[in-house]
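Enquirer: predicted coordinates and the sequence they were generated for:
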Amino acid sequence: MARKREFDREQVIERAMLLFWAQGYEATSIRELKAVMEISSSSMYEVFGDKRGVFLAALARFCEIERARIAEMAAQAPTPQQFIVQLFASLEDIVQTQLRTYSGSLVFNTMVEFGTRDADITGLMLAHYLHIAEIITEVLAHAQAAGTIASQDSPLHLAYTILSTLQGVATVKSVKPDFAYVDAITTAAIRLLSL
């Protein structure tokens, strides 16, 4: 009879996520992981396989959290324009988080650290990007159908343009938190909806 697991899987994944977010993959040791997750070596290897397995689970959890936050933002925003404003304003949260030892987005940090050398990690990050694009696309498609935006461009094309711009701004803000052009870029992104 298999021994019952004595820990909450989601809780240990979130602990690992915070450690990887603070330190990155390479700088995080197995010893540190076990300590922060509060599990034994045997449990870690049985459930996750290895450090990479823990990282994949942690990255997937971060993606879930980030998508849920963006979906909630989309649901609560009274207009698509306000949704876009909130997306760009949420970059301030990243900067504030950076001051609390968590630098930027774990997804963005992973992209920088790994590049495309790990197919599973690359696939997870690409799927995450596509899911966020779907959320933005849905908001814009509904807005077009309701006549609340004038643009007749493909909602998907608009979504990719907005998301790529957002990621570019996030990149600059990660190295220059006081980047002065966020409002101007946000206004330009909103203007796309009127063209």
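Expert: Arrived safely.
Enquirer: give me the contact list for stretch 147-165.
Expert: By Cβ atoms under 8 Å, 6 or more residues apart in numbering, the residues outside stretch 147-165 that reach it are 79-81, 84, 87, 129, 132-134, 136-138, 140-141, 143-144, 185, 189, 192-195. To be clear about C-beta, it is placed using only N, CA and C from the backbone, and glycine gets the same treatment.
Enquirer: the bottom helix or strand of the chain by mean pLDDT?
Expert: helix 91-98 (a mean of 57; mean pLDDT, DSSP states H and E).
Enquirer: which helix or strand lies directly C-terminal to that one?
Expert: Using DSSP states H and E, the helix or strand that follows helix 91-98 in sequence is helix 106-114.
Enquirer: and that next one, C-alpha only, in CSV?
Expert: Provided in CSV are the C-alpha atoms of helix 106-114 (Å, rounded to 0.1, in the frame of the first residue of the first chain):
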residue,chain,number,x,y,z
LEU,A,106,8.7,34.8,-13.6
VAL,A,107,7.7,34.0,-17.2
PHE,A,108,9.8,36.9,-18.5
ASN,A,109,12.7,36.0,-16.2
THR,A,110,12.5,32.4,-17.5
MET,A,111,12.6,33.6,-21.1
VAL,A,112,15.7,35.5,-20.4
GLU,A,113,17.4,32.7,-18.5
PHE,A,114,16.5,29.8,-20.7
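Enquirer: state the mean pLDDT of it.
Expert: Mean pLDDT, helix 106-114: 89.
Enquirer: same question, stretch 25-39
Expert: The model assigns stretch 25-39 a mean pLDDT of 95.
Enquirer: I'd say residue 67 and residue 133 touch.
Expert: No - Residue 67 is beyond contact range of residue 133, at 10.9 Å (criterion: Cβ atoms under 8 Å).
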